[in-house]
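Student: any chance you can model this:
(2 chains)
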Amino acid sequence: MEKLELIDRAQKGDKVAYGELMNLHHRTVEKFAFQCGVKADDVQDVTQEVFMKLYRFLNHFRQDQFSIWLYKITLNITKDYYRLTNREKVKESKIQGEINFGIPRKLTESKILVFEEDRVLHEAIRALEEKYRIPIVLFYFQELTYDQIGEVMNIPLATVKTRLLSAKDQLNSAIALIGGAEYGR
Amino acid sequence: MDDKEFEQRMNLLKKSYNRVPSKFKADEVLSKIEDESQQQQYGTVDKSVNTSKWQKNSVWAVSLASIFLIGILSASFMNDHDEEKNSTAAEYDQKEMEELKKDYQSEREKRQKMLGLTNEQFDHLGFVKFADSEFARITHPDTIKKSTLPLKIAYGETIKYLLLPSEMVTSLKNNSPLNEEMSTGFVDELSSKMDDLKMVYDLVITKNKEILNTAKMNGKLDADYLYSRRKDLPEPVQLMISNASQEGIRIEVAPNQKEFIADIEMNDMIFGLDGKIAQSALNSLYIKQMAPFTYGGELVYDTQESAYILESIEYSLMSVRQRGELYSVIKSYYEDLAYTLIFGSSNTAVFSNGKIKEEYQTAWNYFLLIPSVSPMKYYLKPVVDSLSANNWEVNETYKLLDFNDLKDAVRLAETGELAKLMPTEELADSVKVVEWPNSELHQKIHGYLKNPGSKNPDYALSNLTPIESVLLFSYAQQSDFPEVLLDLTLPFQGMESVADIQAFLGNENILPEEVITLMYDERMSTSQNEELFGMIEVQTKETVKTIPVVKNREGVWQIDLGISVTTLGEHYYEPITLKYTKRVQRIYEEFKEAYDFDIIRSESPDIIAGIYLEALYSGDAETQYALLLDDVNYLRPTREEFIGEYSRSADVMDWKTLFESVEYQLEEVQGDHDQVIYFNLKTEYQTKDEIQKGFQLRKTSEGWRVHFMPMQ
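Tutor: Take a look at the predicted model:
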């Protein structure tokens, strides 16, 4: 069945169609959330949340805007996630100290980012300011056009371009500083 | 690392991301969606079966339910559940369940103590009833069996329902500001909880009415006196007086002066929320605090004040994008107030002896001056035109006026369709600019001086425009015509005679002896007690002189000698207040109707920037484009490129919330020139690198224009 037809049916309340839509798009959301900095263990919760929210917004957008909204909603939810995890980090470090913090996460993530080179680059992207991180992720990993990135982020085309350039510069500097380029695959 | 190497590394990382694990099950999401809709149904049933005197509370509770249920789901990961999230509710044993119940009871008791209410009173609070029913639901074995939401998370959300208004406000202090959607949910919840509390406190008052009604000063009930002698009152009243104010509720004398009531007074709360919630949501709370506007069908405020309030409410309603419960409440205030202001009440007629009373004429005329899209203006214009042409005698047009038409106009405004139907006006006429010296005007002014006090109607002072009055005053000063000075000076204490005026002015003429530009902006004038207050701006190369003028009841524009002078090159600073943003929004609404540049020709750069930011926030790319500098020497995309790249933005922060002030150097440079003005960020939005944002404009012969991407 065509994607637009699925969206149309879902917008009319057909939950089976919405289920199919979720099956088609959940990998995009999972990967995008992880690329945006969500911990691997939390990706599933975030993905569920995205589709719960998307369902509530189903009738708010045009069918051809489905993907843009999927990214917009994921982005909003990851922003909330960031706020929360930052708060939790402070709290956990107060309670437990830094010794045990993050071990399960690192174990899970090491299964995804097997190579040190990837881990360095992933961390460097995570460390970018959000306004630079998101265009990089959307352009290189989600293969969105400048126009689409502008739509997702509500910024003009020229801003997308300048932010991407700046993000690249920052990443290059960060990697050079960490020495990540020395690692081989 | 060169570009090629960078691309390669990014590609490799992209492939690694394919290893992100997936445990996603679409069925689980569908089941949660199902749960959500069932929970909403549950709320509806609750509403329909409750017929007690607490029905109002339950209605609010039901409305809260819809907000909270969304909250449960949308914020499910926003809890302290890293440890617990894998332990499902089913794993809770009896002991843990008992502990949860004990904890809930303790949270409940804590709030009851904070409010100083008895068990019965506390149990009657709508939000407590809702929290109780939620707690019962989430701990019910059937729910635990079916729910995929961990019990601890559901419990955390349930406890949030118990938060008192003061706790809700405090909880925002250290968090990021809420967006408009969240702000709407927040004020709805806050408002409904305050209504619940007000209702319970009103019951306490009713129960103790006899003793409370002894709190009188000079035979009249007096709230201050009541507060001062609280120690003599029964304990429940003492506790109420001590605790209610923490929750934004004060005991006041009712508008009928016969009893005390609990009234909402949340100045401190609103102060605490400033910058934390969207401006439109904050405005809703202001309006709620000012309510009621009618009592027993009568106006609570006087007619003109009611007209101002109605305009503010209308403005607030029109600027709301996310409509929640409080929006409906405010809309009902709007309708009540509008009805009473147009049709009067059983005790107060709007007309006497077949003629509309003057106070109502003024109030109705006031709505016709609203420059933006206004249902009241749209609704009243035909009837005011018809009545004023008929010496304000009640006619068929007024008798046939149907209030439902106003409701329809509001609906059209909500869908954005009213803008096309609003009566067109000669907007360019609202700003008058005169270059002086000016031989034609000189002749006219000279004619007046040659015929001082003439009975010839051609020389009646009431024929003069405000600018002409100022010119005549200056000419009379120069040529020594003291009677004209006296006629044209606004009388006030200490300025009753020619000698007073001359002593006050000395040898200085009110107008400089050089080439000047005089400007009068009708939109900036305000009417009060049948007088119109405005100002003339007199600009020279170095200064701007502001001369206040008042059109008196005889129709003569008089000069208020409280004249101020600003030297250009001085620093200009304007706090971004509600008054300021309202002015920007009005000009924006006028301008966007037809992009008539005469409307903005004389506006200052901060106003033009404000219009641009308002258009940006409204997702109005057309207006942004219209304001862009159109000059071959400067970058400007085509209209299609520009419009294509902009869309309605839910994420663009409201400039009215983001900035606290605007400032720049007042410059007087001949010809076209660039200027950067600075919007200062509110403290909470400042970072160590950024405390203000520059905005680039260019002064052209047609007024200020915005550079492409002005804030980059």
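
Student: next structured bit after the lowest-mean-pLDDT helix or strand in chain A?
Tutor: Within chain A, no helix or strand scores below helix A:103-112, which has a mean of 58 by mean pLDDT, DSSP states H and E. Downstream of helix A:103-112, the first helix or strand assigned by DSSP states H and E is helix A:116-127.

Student: hmm, residue B:307 is touching residue B:368, no?
Tutor: No - with contact defined as C-beta atoms under 8 Å, residue B:307 does not count as touching residue B:368 (11.1 Å). The way it works is simple: take the backbone N, C-alpha and C, and place the C-beta from them, glycine included.

Student: ok, these two, which is more surrounded?
Tutor: residue B:307 (25 against 16; other C-beta atoms under 10 Å in any protein chain shown).

Student: and the helices in the stretch 601-712 of chain B?
Tutor: With DSSP state H, counting those that start in this stretch, the ranges of helices along the stretch 601-712 of chain B come out as B:605-617, B:621-627, B:639-645, B:655-658.

Student: again, but for chain A
Tutor: A:3-11, A:15-36, A:43-56, A:66-96, A:103-112, A:116-127, A:130-136, A:146-153, A:157-178 (DSSP state H).

Student: export these to CSV and tack on distance to residue B:197 and mean neighbour count?
Tutor: Conversion of these to CSV gives the following (distance: least, C-beta to C-beta, whole Å; neighbours: other C-beta atoms under 10 Å in any protein chain shown):
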stretch, distance to residue B:197, mean neighbour count
helix A:3-11, 41, 16
helix A:15-36, 40, 20
helix A:43-56, 30, 22
helix A:66-96, 30, 17
helix A:103-112, 44, 14
helix A:116-127, 45, 19
helix A:130-136, 39, 21
helix A:146-153, 42, 20
helix A:157-178, 47, 17
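
Student: relative to chain A, which of the helices of the stretch 601-712 of chain B is closest?
Tutor: Among the helices of the stretch 601-712 of chain B, the nearest to chain A by C-beta to the nearest C-beta is helix B:639-645 (4.7 Å).

Student: what's the closest one packed up against?
Tutor: helix A:146-153, helix B:621-627 (3 or more C-beta pairs under 8 Å, 6 or more residues apart in numbering or on different chains; DSSP states H and E).

Student: what's the longest one in contact with?
Tutor: Looking back up the chat, that one is helix A:146-153. With C-beta atoms under 8 Å, 6 or more residues apart in numbering or on different chains as the test, helix A:146-153 has contacts from A:67-68, A:71-72, A:75, A:134-135, A:138-139, A:144, A:155-157, A:159-161, A:164, B:644-645, B:647, B:651.

Student: hmm, try it at 6 Å
Tutor: The set of residues external to helix A:146-153 that reach it, using C-beta atoms under 6 Å, 6 or more residues apart in numbering or on different chains, is A:68, A:71, A:72, A:135, A:138, A:157, A:160, B:645.

Student: could you do stretch B:243-256 as well?
Tutor: B:115-116, B:164-166, B:194, B:197-198, B:201, B:221, B:223, B:260-263, B:265-266, B:269, B:295, B:300.

Student: buried set for it?
Tutor: B:243, B:244, B:245, B:246, B:247, B:248, B:249, B:250, B:251, B:253 (16 or more other C-beta atoms under 10 Å in any protein chain shown).

Student: what separation is there between residue A:4 and chain B?
Tutor: Residue A:4 is 19 Å from chain B, where distance means C-beta to the nearest C-beta, to the nearest Å.

Student: and residue B:574, its phi and psi?
Tutor: Residue B:574 adopts backbone torsions of phi -130, psi 120, taken as degrees, to the nearest 10.

Student: ok, back up a step: and the helices and strands packed on helix B:639-645 as JSON lines, adding distance to residue A:113?
Tutor: What follows is those, written out as JSON lines (distance: least, C-beta to C-beta, whole Å):
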{"stretch": "helix A:146-153", "distance to residue A:113": "24"}
{"stretch": "helix B:621-627", "distance to residue A:113": "41"}
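
Student: now do stretch B:549-562, average pLDDT.
Tutor: Across stretch B:549-562, the average pLDDT comes to 88.

Student: tell me the pLDDT of residue B:653.
Tutor: pLDDT recorded at residue B:653 is 78.

Student: should've said residue B:289
Tutor: At residue B:289, pLDDT is 86.

Student: so which helix or strand takes in it?
Tutor: Using DSSP H and E, residue B:289 falls in helix B:279-290.

Student: next: residue B:549.
Tutor: Per DSSP H and E: strand B:543-551 holds residue B:549.

Student: for chain A, which spans come out with low pLDDT?
Tutor: Residue ranges of chain A with pLDDT under 70: A:1, A:82-108, A:177-185.

Student: now do the contacts for residue B:219.
Tutor: Contacts of residue B:219 by C-beta under 6 Å, 6+ apart: none found.

Student: domain-wise, how is chain A divided?
Tutor: For chain A, automatic domain parsing gives the domain ranges A:1-112, A:114-185.

Student: repeat for chain B
Tutor: Using automatic domain parsing, chain B is parsed into the domains B:26-162, B:200-421, B:428-567, B:572-706.

Student: so whichever residue of the stretch 101-250 of chain B sits closest to chain A: helix, strand or coil?
Tutor: Nearest to chain A, among the residues of the stretch 101-250 of chain B, is residue B:176, at 6.2 Å (C-beta to the nearest C-beta). When classified by DSSP: H, G, I helix; E, B strand; the rest coil, residue B:176 comes out as coil.

Student: next one: it, what pLDDT does it get?
Tutor: pLDDT at residue B:176 comes out at 78.

Student: swap in residue B:44?
Tutor: 34.

Student: what's near enough to touch residue B:354?
Tutor: Residue B:354 neighbours (C-beta under 6 Å, 6+ apart): B:393, B:394.

Student: state the distance from it to residue B:398.
Tutor: 11 Å (C-beta to C-beta, to the nearest Å).

Student: and residue B:379, by the same measure?
Tutor: 12 Å.

Student: check residue B:256 too.
Tutor: Taking C-beta to C-beta, one finds residue B:256 at 30 Å from residue B:398.

Student: just residue B:441 next, same as before
Tutor: 41 Å.

Student: what do you get for residue B:103?
Tutor: Counting by C-beta to C-beta, the gap from residue B:103 to residue B:398 is 64 Å.

Student: try residue B:629
Tutor: Distance from residue B:629 to residue B:398, by C-beta to C-beta: 49 Å.

Student: could you report the neighbour count for the residue in the stretch 201-350 of chain B that chain A sits nearest to?
Tutor: Of all residues in the stretch 201-350 of chain B, the one sitting closest to chain A is residue B:322 (12.0 Å; C-beta to the nearest C-beta). Residue B:322 has 17 neighbouring residues, counting by other C-beta under 10 Å.

Student: what does residue B:462 give?
Tutor: Applying other C-beta under 10 Å, I find that residue B:462 has 12 neighbouring residues.

Student: what does chain A put close to chain B?
Tutor: A:15, A:19, A:22-23, A:26, A:30-31, A:34, A:44-45, A:47-48, A:51-53, A:55, A:84, A:112-113, A:118, A:121, A:140-141, A:150, A:154, A:156-157, A:172, A:181 (C-beta under 6 Å from any C-beta of the partner chain).
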